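Visitor: Give the three-dimensional model of this entry:
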Amino acid sequence: MLNSLRLLIVLLFLPMAVQANAIRLKDLVEFDGVRGNDLVGYGLVVGLNGTGDGLRNSPFTEEIMSNILERLGVNVTGEQFRPKNVAAVFVTAALPPFARVGSTVDVAVSAIGDSKSLLGGTLIMTPLNAADGQIYAVAQGSILAGGVVAEGEAATVTQGVPTSGVIPSGGRIEREIDFDLSSLTTMRLALREPDFTTADRIERAINAEFGRNVALMRDSGTVEIDIIRTNARSTAHAIGRMENVLVEPQRKARVVVDQRSGTIVMGSDVRISRVAVAQGNLTLRIEEAPLVVQPNPFTDAQPVVVPRTGVGLEEEEGVQLAEVPETTSLSEVVSGLNALGVSPRDMIDILKSLKAAGALHAEFVVR
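Guide: Next comes the predicted model:
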């Protein structure tokens, strides 16, 4: 009776353990055709508090300002104006899939001249074009800059990036992408991280969800779906049913290192073979302290500079030859490396040496 109860408990918790690392399909793949489009425009920001472009250094700002004024019926031909409260900017946005006319998107604004800050500025109506040259949205509104500049006669303090900002819901859609999702009879799922094992698991999970063979793995990065065999009312209904299917992805063992900040990130599949490691630091210091020798008084001699150099060589006490045992889990890898007692930056050098020696079984990525 006791053994039967234990078996029942194991069977109850087994599905939970299997699904512990499962991820929704929508977070692993991109659906063919369901994608956004990048938009870009060239516009003018006005209302700056003397922090705009210097028109002598940025003639394109004067040109766009003249064009805007002429479109508004103001003739500025031959006029000389040097305002300091305007700046030329690039405006970027992303057109979401199936965006409809009248909906809004967030836009980003970035100065391209010598403007010091866009704080408090207002973007004038700016058309946003896609790669095909067509206008799909128009942006306008007050800019929320992400920095500040404090300037005095002898010093300047800058916090953040005041020459760029955002306009929440500042772009209005004026044209829709011509794409009929319901006309698709097949759809491809593109894996964000191509892997044959993950693609095979996606195929099996989708076929199990629909109870028939509707998915077929084409390669490590593509799974093809037969929309007709899903018997869904529409392509959108089929996608809505597939995107929440849980799949446990299989990823490559990878170690990512950021040398600037000393950050080390390891995947759960990283393994280290049995190896011995020794590490130490050698510091060489050279100091120059020249001495000026003054001549005797009432003579025509000139002061003489006598060079003085101090050289020192220091070797800090480092890690003696230590053995890192063969590991089978990420926690054992971390424990073995931490046993060396070195700093994160020294750990980066050790990991590079382990990779060169063939003891680190993972892809080594340096950023």
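
Visitor: pull the helix or strand with minimum mean pLDDT from the protein.
Guide: Ranking every helix and strand in the chain by mean pLDDT, DSSP states H and E puts helix 2-18 at the bottom, with a mean of 38.

Visitor: What helices and strands are in contact with the helix or strand following that one?
Guide: For helix 2-18, the succeeding helix or strand toward the C-terminus, using DSSP states H and E, is strand 23-24. Under the contact criterion of 3 or more C-beta pairs under 8 Å, 6 or more residues apart in numbering; DSSP states H and E, strand 23-24 touches strand 246-247. Where C-beta positions appear, they are placed from N, C-alpha and C, glycine not excepted.

Visitor: so what secondary structure elements neighbour the strand it packs on?
Guide: strand 23-24, helix 196-210.

Visitor: Out of the ones you listed, flag the one nearest I112.
Guide: I112 lies closest to strand 23-24 among those, at 39.9 Å (C-beta to C-beta).

Visitor: what are the pairing partners of the closest one, and which direction each?
Guide: strand 246-247 (antiparallel) (DSSP bridges).

Visitor: Show me what the partner strand is in contact with.
Guide: Q19, A22, I23, R24, L25, L28, T198, R201, I202, A205 (C-beta atoms under 8 Å, 6 or more residues apart in numbering).

Visitor: if we go to 10 Å?
Guide: 18-19, 21-25, 27-29, 198-199, 201-206, 209 (C-beta atoms under 10 Å, 6 or more residues apart in numbering).

Visitor: Filter these down to the buried ones.
Guide: Listed as buried from the contacts of strand 246-247 are L25, L28, V29, T198, A199, R201, I202, E203, A205, I206, E209; burial here means 16 or more other C-beta atoms under 10 Å.

Visitor: Make CSV out of those residues and add pLDDT and distance to P303.
Guide: Listed next are those as CSV, based on pLDDT from 0 to 100; distance: C-beta to C-beta, whole Å:
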residue, pLDDT, distance to P303
L25, 92, 81
L28, 92, 75
V29, 93, 77
T198, 93, 76
A199, 94, 79
R201, 94, 81
I202, 94, 81
E203, 94, 85
A205, 94, 85
I206, 94, 87
E209, 92, 90
